[in-house]
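Trainee: Sequence plus predicted model, see below.
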There are 2 protein chains.
Amino acid sequence: MNTVDERIIQEIVHQCLAASRRPVDLVATLSPGDLRIITGVSNRHVHLCREDLTELFGEGYELTPLKELSQPGFFSARETLIVGGPKGALTGIRILGPLRKTTQIEISLSDGRYLGVVPPVRQSGEVGPSPALTLIGPRGTVVNNTGVIAAWRHIHMDEAQAGRLDIRNGEMVSVRTSGSRALVLDNVVVRTAKDMATQLHIDTDEGNSASIQTGDIVEIVRAHTIR
Amino acid sequence: MNTVDERIIQEIVHQCLAASRRPVDLVATLSPGDLRIITGVSNRHVHLCREDLTELFGEGYELTPLKELSQPGFFSARETLIVGGPKGALTGIRILGPLRKTTQIEISLSDGRYLGVVPPVRQSGEVGPSPALTLIGPRGTVVNNTGVIAAWRHIHMDEAQAGRLDIRNGEMVSVRTSGSRALVLDNVVVRTAKDMATQLHIDTDEGNSASIQTGDIVEIVRAHTIR
């Protein structure tokens, strides 16, 4: 019988894991069900602050909820806007409620190409310099140059589930899709909160590049940490 | 010294490889330079057959080359078309030459959403049923319902290079990108030919979802075969 030092096995395993760069597929293999989540593909939309709502729709105006979103308390509004850029305009852009502290215009890079701007890929809620787009409402117009973004892909996750999976708020994971355009999305940030519906949020470019739609099942692969 | 049978090491390595599903990252690790290739992001475009060229531009018309493409003999033409669908129309759509046996309209799924059709994801050159789009030229109009596709992502590869990398024509590989929207595209078909410029061809949705552009470097990871 040929024999080797146990440390050599450790070294081989370590090298396999390092080389594959997807070590925690091992975890997925052990408990596949736990790491499967639902996809939500976000179309372009706008979040408004109170001041901009007033400017666009008039004094004292309130949004009319049209449909509840998967996250409790959030809704898409009956109201829409025109979004104008240097090269084109898009009509019927949905407003999501409730109101926020700052206005944010979430578009895909494809939308940006059409409108004539290159939005930074940034996490929702982060405010910073951005190209300018004009919001056109029934009562007024607002130019925004701090909240025009392509949203950083992310997973909303219920705190309790995150705890079970040993995933921390802000952690980056990878997500695997299946089908003819199967791919693995790296750098998906996990945002945990109490009583969240666990869901992958990607934009239309990302959905299209994977040929997946809202409701499709994907699988978390823990690419960034080893346990 | 603790000792184990050599077969156990083999088993562990095998399990690591199977679980990671990206075994040949090992190859990339061994010779990274060889597996790096250039990206070309294809915007929507049209290939025409002789009959449709005549219908759209008139009897005896020939395309005027505007710019050589990376593949020898291929060019983008000065001529453009309007492409119309049930929900919208896109103008200035570039025609690529030379002429082909059958007309093909290559659009992204985002374009399809805008035009009101869902193109099948299919390899360029494969003819089959598709949604209908209307081509509008200066002298006439053509309705096409066999060549409206979103192109299956692919790598053009020079035969000699494919031989060195032990990649066969038609083989599927995966491609890894880097940056904030890093991802791994699976099911990338390799098409080898003599004197081809080796290049990854993806559409604008795929380029946008990875935040990469024409000229960016990506890396082949041999996900589908083990050597």
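Mentor: Arrived safely.

Trainee: wait, doesn't A:Thr204 sit right on A:His45?
Mentor: No - at 10.9 Å, A:Thr204 does not count as touching A:His45 under the criterion of Cβ atoms under 8 Å. All C-beta spots, glycine's among them, are computed from the backbone N, C-alpha and C.

Trainee: which of those two has more neighbours?
Mentor: More crowded of A:Thr204 and A:His45, by other Cβ atoms under 10 Å in any protein chain shown: A:Thr204, with 23 against 19.

Trainee: give the contact list for that one.
Mentor: The contact partners of A:Thr204, by Cβ atoms under 8 Å, 6 or more residues apart in numbering or on different chains, come to A:Val41, A:Ser42, A:Asn43, A:Arg44, A:Ser108, A:Ser110, A:Asp111, B:Ser110, B:Arg113.

Trainee: again, but for A:Val175
Mentor: A:Ile37, A:Arg153, A:Ile155, A:Val184, A:Leu185, A:Val188, A:Leu200, A:Val218, A:Glu219, A:Ile220, A:Val221.

Trainee: contact partners of the host helix or strand of the first one?
Mentor: Take DSSP states H and E as the rule and A:Ile37 turns out to sit in strand A:36-42. Outside of strand A:36-42, the residues within contact range by Cβ under 8 Å, 6+ apart are A:70, A:106, A:151, A:155, A:175, A:198-204, A:206-207, A:212-220.

Trainee: now swap in stretch A:191-200 and tell me
Mentor: The contact list for stretch A:191-200 (Cβ under 8 Å, 6+ apart) reads A:37-40, A:70-72, A:153-159, A:161-162, A:167-170, A:175, A:188, A:218.

Trainee: May I have the beta-bridge partners of A:Val142?
Mentor: A:Leu135 (DSSP bridges).

Trainee: and it, what pLDDT?
Mentor: In this model, A:Val142 is scored at 98, pLDDT.

Trainee: next one: A:Leu165
Mentor: Reported pLDDT for A:Leu165: 87.

Trainee: Distance-wise, check it relative to A:Glu219.
Mentor: 12 Å (Cβ to Cβ, to the nearest Å).

Trainee: What of A:Pro138?
Mentor: 44 Å.

Trainee: of these two, who's got more company?
Mentor: Counted by other Cβ under 10 Å, A:Pro138 and A:Glu219 do not tie: A:Glu219 has more neighbours, with 19 against 11.

Trainee: so which helix or strand takes in the closest residue to A:Glu171 other than its chain neighbours?
Mentor: Spatial nearest neighbour of A:Glu171, excluding adjacent residues (Cβ to Cβ, 6 or more residues apart in numbering or on different chains): A:Val190 at 5.0 Å. Per DSSP H and E, A:Val190 falls inside strand A:183-193.

Trainee: cool, and A:Arg113?
Mentor: helix A:109-115.

Trainee: try A:Arg164
Mentor: helix A:159-165.

Trainee: go on, A:Val117?
Mentor: Applying DSSP H and E, one finds A:Val117 in no helix or strand.

Trainee: ok, now which ones touch it?
Mentor: A:Gly85, A:Pro86, A:Pro131, A:Ala132, A:Leu133, A:Val148.

Trainee: What's the per-residue pLDDT of it here?
Mentor: 98.

Trainee: what about A:Ser178, which SS state?
Mentor: coil (DSSP: H, G, I helix; E, B strand; the rest coil).

Trainee: Next, work out how far apart it and chain B are.
Mentor: 9 Å (Cβ to the nearest Cβ, to the nearest Å).

Trainee: tell me the contacts of that residue?
Mentor: A:Val218.

Trainee: try A:Lys101
Mentor: A:Cys49.

Trainee: What distance do you get for it to A:Glu51?
Mentor: 10 Å.

Trainee: one step back: mind listing the shared neighbours of A:Leu165 and A:Glu219?
Mentor: By Cβ under 8 Å, 6+ apart, the residues touching both A:Leu165 and A:Glu219 are A:Leu35.

Trainee: what are the ranges of the helices in chain A?
Mentor: For chain A, applying DSSP state H gives helices covering A:6-20, A:25-30, A:50-57, A:109-115, A:159-165, A:204-210.
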